[in-house]
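Student: Only the shape, not the letters, is given here:
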Ligand code: DP6
């Protein structure tokens, strides 16, 4: 390696060789700190995993690789206002507003996020912050907002870093945003870019890393263009089991090793599926992953059933419709009762008719969200 790179050239070099990135490469240099104050806004999407992340070790290192569709309509918009403090202390000072209302109860999660990322962004202690955030989807919809929320905040922090160090390359910016978002919530690292994001080291995916998500680097068949995700809100109640507790259940899980190996194998299979557009095999992997996730929860100690009777009714209806119509409609699930119905754009009319006529009745207050694959987060110019 040439020895005369300056810091930003070095970062560019490292990005091009991202498989070699380590935690140390994300520690920002010290800046001149000329920035007195300002404000940045980012809108970041949610994502839906096809191969599930379930199981992790500190600090948020996944037990297996996962891959997701970045969504489009389900988004969090976050504004970070910052003002340089006269005298910095070692704490990160902030106020937090959710949908215009000051929310003390959300602060501990943000506080531990800031503590975790402070090593990589030491400039944070020089400022005081006001964070204002809102979601495009209803708050109590049972849709996890941690992926879109943490990625939006991580992007705001990166915009502040970029103002302090304008030479940062776009590639490094996105990679570090994903790295920081991961420290807030694992799946959030897959919510920076679109359209298909892989996270976690896999021997056959070049540049894959446990530290951040990467844009899926291989061929994607046109069948997946604008793939649809209609989210059926079966149960909008609060989660029975937080994802951190859920991930921990994999630590001594009897089936953990075979589950982790299965995820690696499924990733290999998906590569071929994405290339050929074989939707039959795609649906088999996606549904098997969803059911395996729930099987892991049902067979852990303690055990949980997060599906509701209506979740199963919907799954059975989807299977019958698929059999009768021959259309490639499948489902996936998160760690909850809601059902994501996935299908190609070309079948939208017929499938949506089916959803309205046969599935919406199983949703709480008949609520659902129409979404599709999206292109990733957007900076909003203030
Ligand atoms: C079931 O990312 O919410 O949605 O890292 O503890 O914040 P933490 O967990 P989180 O876990 C998401 C799990 C999942 C599957 C997935 O999105 O891959």
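Tutor: That came through, no problem. Being a predicted model, the structure only gives us computed values, none of them experimental.

Student: and the stretch 201-350 of the chain, which residues reach the ligand?
Tutor: Contact residues, the stretch 201-350 of the chain versus the ligand (Cβ under 6 Å from any ligand atom): 243-244, 247, 293, 334-335. Placement of C-beta: from N, CA and C, glycine included.

Student: which regions of the stretch 151-300 of the chain lie under the pLDDT threshold?
Tutor: Counting by pLDDT under 70, the stretch 151-300 of the chain contains low-confidence ranges at 238.

Student: need the contact list for the closest residue to the ligand within the stretch 201-350 of the chain.
Tutor: With Cβ to the nearest ligand atom, the shortest gap between the stretch 201-350 of the chain and the ligand falls at residue 243, namely 3.4 Å. Neighbouring residues of residue 243 by Cβ atoms under 8 Å, 6 or more residues apart in numbering: 144, 146, 185-186, 335.

Student: Which positions in the strand ranked longest in the chain come out as buried?
Tutor: Looking across the chain with DSSP state E, the single longest strand is strand 66-84. Residues 66-72, 74-82 are the ones in strand 66-84 that count as buried (16 or more other Cβ atoms under 10 Å).

Student: got a winner among the contacts of residue 243 for most neighbours?
Tutor: residue 186 (26 neighbours; other Cβ atoms under 10 Å).

Student: which ones are touching it?
Tutor: Contacts of residue 186 (Cβ under 8 Å, 6+ apart): 53, 56, 60, 62, 199, 243, 247.

Student: Which among those count as buried?
Tutor: 53, 56, 60, 62, 199, 243, 247.

Student: I'd like to know which of those are part of helices.
Tutor: 243, 247 (DSSP state H).

Student: Which one of the buried ones among the contacts of residue 186 is nearest to residue 34?
Tutor: residue 60 (32.8 Å; Cβ to Cβ).

Student: from the middle of its chain, how far away would stretch 95-108 be?
Tutor: 21 Å (Cα atoms, centre = their mean, to the nearest Å).

Student: For that stretch, could you pull out the residues that count as buried?
Tutor: 96, 98.

Student: could you give the mean pLDDT of it?
Tutor: Stretch 95-108 carries an average pLDDT of 94.

Student: Now the two most distant members of the buried residues of strand 66-84.
Tutor: 67 and 81 (34.9 Å).

Student: right, and residue 83 touches residue 127 too?
Tutor: Yes: between residue 83 and residue 127 there is a contact at 6.3 Å, judged by Cβ atoms under 8 Å.

Student: In contact with residue 369, which residues?
Tutor: So residue 369 contacts 73-74, 137, 141, 143, 230-231, 233 (Cβ under 8 Å, 6+ apart).

Student: Narrow the contacts of residue 243 to those in helices?
Tutor: Among those, the ones falling in helices (DSSP H) are residue 146.

Student: Quick one: the contacts of residue 243 as a markdown table, columns for distance to residue 373 too.
Tutor: Output for the contacts of residue 243, formatted as a markdown table (distance: Cβ to Cβ, whole Å):
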| residue | distance to residue 373 |
| --- | --- |
| 144 | 18 |
| 146 | 20 |
| 185 | 21 |
| 186 | 21 |
| 335 | 21 |
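
Student: quick one: which of the contacts of residue 243 is nearest residue 158?
Tutor: residue 185 (16.2 Å).

Student: helix, strand or coil for residue 372?
Tutor: strand (DSSP: H, G, I helix; E, B strand; the rest coil).

Student: how near is the closest residue to it other than its chain neighbours to residue 198?
Tutor: Distances taken as Cβ to Cβ, 6 or more residues apart in numbering place residue 228 nearest to residue 372, at 4.9 Å, with adjacent residues excluded. The gap separating residue 228 from residue 198 is 21 Å, by Cβ to Cβ, to the nearest Å.

Student: out of those two, which sits in the busier spot?
Tutor: Comparing residue 228 with residue 198 by other Cβ under 10 Å, the one with more neighbours is residue 198, at 26 against 22.

Student: just checking, the more buried one touches residue 212?
Tutor: No: using Cβ under 8 Å, residue 198 is not in contact with residue 212; the gap is 10.3 Å.

Student: Spit out the residues that contact these two alike.
Tutor: Contacts common to residue 198 and residue 212, judged by Cβ under 8 Å, 6+ apart, are absent.

Student: right, and residue 95 touches residue 110 too?
Tutor: No: applying Cβ under 8 Å, one finds residue 95 not in contact with residue 110, separated by 10.2 Å.

Student: For these two, list the residues in contact with both.
Tutor: By Cβ under 8 Å, 6+ apart, the residues touching both residue 95 and residue 110 are residue 131.
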